[in-house]
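Asks: Pasting the sequence and the predicted coordinates here, then a few questions.
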Amino acid sequence: MVTSSGPATVPAWSFTAKGLSRPIVVLAVSKDVLKPRVEPVPPPGLAELEPSLLQGESLTRIDDRTLTFTLNHGACEPDLRAHVLEFEDLVVIGGSHGPVLADTACRAVLLRKAAVVTLAVPLGDRAVISAATGVRLTLDRPPK
């Protein structure tokens, strides 16, 4: 199972039912031990984030010097751009958008777009951090 701290192996019940092509799999862990994901709270005194900053999340591929991740954006946020900032011990990813389209009816919906950035040097063991949240991102593994 994918967790906010990376993949984890957990106990599960697997049920088969006539007429279903796949089993129903249920986490076999008490709800008492499951904790909600804690969103980071920025330290007091930090400047407000730039409104055009987009959240980079769902790191979907790491290929030597190339990172692929998901950018969350709104329907009227054009000219999406992916950004990367490299340090010796970590890499910060995120995105931005151009000016919001004025006088346009926009759907209030979260959209996601794949973004790709190229690193100056291979990622190695550096942490990947979201520019918008400060959360360490781990490689998402699709469920099997």
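Replies: That came through fine. Residues are numbered from 1 along each chain as shown.

Asks: quick one: low-confidence ranges for this protein?
Replies: Residue ranges of the chain with pLDDT under 70: 2-6, 37-43, 45-49, 51, 141-144.

Asks: and the residue nearest the centre of it, what does it touch?
Replies: In the chain, the centroid-proximal residue (Cα atoms, centre = their mean) is residue 57; its distance is 1.8 Å. Contacts here follow Cβ atoms under 8 Å, 6 or more residues apart in numbering; on that basis residue 57 touches 69-70, 72, 130, 133, 135, 137. From N, CA and C alone the C-beta is placed, and that goes for glycine too.

Asks: out of those residues, who's nearest residue 104?
Replies: residue 72 (19.5 Å; Cβ to Cβ).

Asks: If we ignore the residues flanking it in sequence, what's nearest the closest one?
Replies: residue 55 (4.7 Å; Cβ to Cβ, 6 or more residues apart in numbering).

Asks: Distance check, the residue nearest to the centre of the chain against residue 89.
Replies: When Cβ to Cβ, to the nearest Å is the yardstick, residue 57 and residue 89 sit 21 Å from each other.

Asks: Now that the residue nearest to residue 72 has come up, it's in contact with residue 71, right?
Replies: Yes: contact criterion Cβ atoms under 8 Å: residue 55 and residue 71 qualify, at 7.3 Å.

Asks: These two: who's more crowded?
Replies: Set residue 55 next to residue 71 and count neighbours by other Cβ atoms under 10 Å: residue 71 wins out with 25 against 21.
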